[in-house]
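Chemist: My questions are about this predicted structure, shown below with the sequence.
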Amino acid sequence: MSRVTITYENHIAHVRLTRAEKMNAVDQEMIDAVIAAGNEVAASDARAVIVSGEGKAFCAGIDISGLSGMISKDPAELLMPRTHGDGTTNQWQEFAMVWSRMDIPVIAAVHGVCYGAGIQLALGADIRIAAPDAKFAVMEMKWGIVPDMGGMVLLPKLVRSDVLRRMTYTAEPIGADQAERWGLVTELADDPLAAAQALAETIAGKSPTAIRAAKRLIGVAETADATTVLDAESREQVDLLGKPHQMEVVAAAMAKRAAVFK
């Protein structure tokens with residue numbers, strides 16, 4: 001049975017977790033499918049991607065039945081070999097980080113529970129839109145382990161250190177309102193998938209080269225010193241000004257029409 005579906009419409013990729021009967025709990029097939037989906041979308045001509053879950057939840061976290069199989073194996077063999085994506089040490093990390101590395105904007109539409117592996121998948125997105133009744137938890141401590149799917153790279157970029165520690169130490173779920181106040185959630189929407197679709201359409205209507213440049217530039221701005229950021233600003237702008245996509249934006253604005261990018 002397929003764990004993920006991928007569809008494309010108007011330059012927007014829709015990636016849906018489809019294990020609804022298990023609240024999209026993550027098993028090996030789900031890990032493989034999500035990584036494959038990320039690689040497929042990255043190689044496509046999509047201009048934005050929406051990640052969502054079917055059924056009553058975004059993702060309930062790791063399928064606990066799979067943990068027993070791991071106990072009998074050497075953890076170093078499971079987690080340490082560098083055989084996956086750029087910078088990740090294992091497939092568990094690649095599950096979330098493949099989205100973080102995407103050169104187009106990624107929007108997570110979250111409803112129901114978003115726990116453990118699910119929250120780390122959502123953290124791989126640029127933007128998280130959540131239903132008012134959504135719940136979030138860094139769940140690993142419940143099972144005597146630590147977040148190991150990119151969460152310790154991604155979560156500190158969004159929340160204060162005390163919030164990071166509280167969520168990690170306790171494994172307690174928090175509501176969407178609290179998640180928004182803490183910076184974990186971008187915005188709330190009664191229908192997060194519809195809101196994500198509207199946002200993706202807005203993004204897909206912008207210059208594709210400028211959007212990719214903006215995402216690269218933001219990545220530099222979040223990590224580098226001022227001199228490096230200022231240099232990156234200029235370099236990205238030089239590569240945009242006067243080029244076909246930028247000229248089409250100007251022409252469309254002057255003609256009061258939608259831009260058409262080739």
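Modeler: Received, thanks. Since the structure is predicted, the reported quantities are computational estimates derived from the model, not experimental observations. Residues are numbered from 1 along each chain as shown.

Chemist: make it CA atoms for all contacts and neighbour counts henceforth
Modeler: Fine.

Chemist: D133 contacts P173, correct?
Modeler: No. The pair D133 and P173 does not pass the contact test of C-alpha atoms under 8 Å, sitting 11.8 Å apart.

Chemist: Number of residues surrounding E236?
Modeler: 17 (other C-alpha atoms under 10 Å).

Chemist: Is it in contact with I211, as I believe?
Modeler: No. The pair E236 and I211 fails to qualify as a contact (C-alpha under 8 Å) at a distance of 10.9 Å.

Chemist: which neighbours do these two share?
Modeler: When contacts are counted by C-alpha atoms under 8 Å, 6 or more residues apart in numbering, E236 and I211 are jointly contacted by no residue.

Chemist: which residues sit in contact with the residue lying closest to D45 once chain neighbours are set aside?
Modeler: On the basis of C-alpha to C-alpha, 6 or more residues apart in numbering, the spatially nearest residue to D45 that is not a chain neighbour turns out to be H11, at 6.7 Å. Neighbouring residues of H11 by C-alpha under 8 Å, 6+ apart: 45-48, 204.

Chemist: likewise V15?
Modeler: Residues near V15 by C-alpha under 8 Å, 6+ apart: 4-7, 37, 49-52.

Chemist: Just the closest of those residues to A224, please.
Modeler: Of all those, V49 has the smallest distance to A224: 26.4 Å, by C-alpha to C-alpha.

Chemist: Ramachandran coordinates for A13?
Modeler: Note on A13: backbone dihedrals following degrees, to the nearest 10 are phi -90, psi 130.

Chemist: could you pull out the helices for the protein?
Modeler: Counting by DSSP state H, the chain has these helices, from start to end: 28-42, 67-71, 75-79, 91-100, 117-123, 151-154, 161-170, 176-182, 192-204, 208-221, 226-240, 244-255.

Chemist: what residues does the fourth one touch?
Modeler: Judged by C-alpha under 8 Å, 6+ apart, the contacts made with helix 91-100 from elsewhere in the structure are 31, 34-35, 38-39, 79, 84-85, 88, 106, 120-126, 148-150.

Chemist: Kindly report the same for the last one.
Modeler: By C-alpha under 8 Å, 6+ apart, the list of residues contacting helix 244-255 from outside reads 206-210, 240-241, 258-262.
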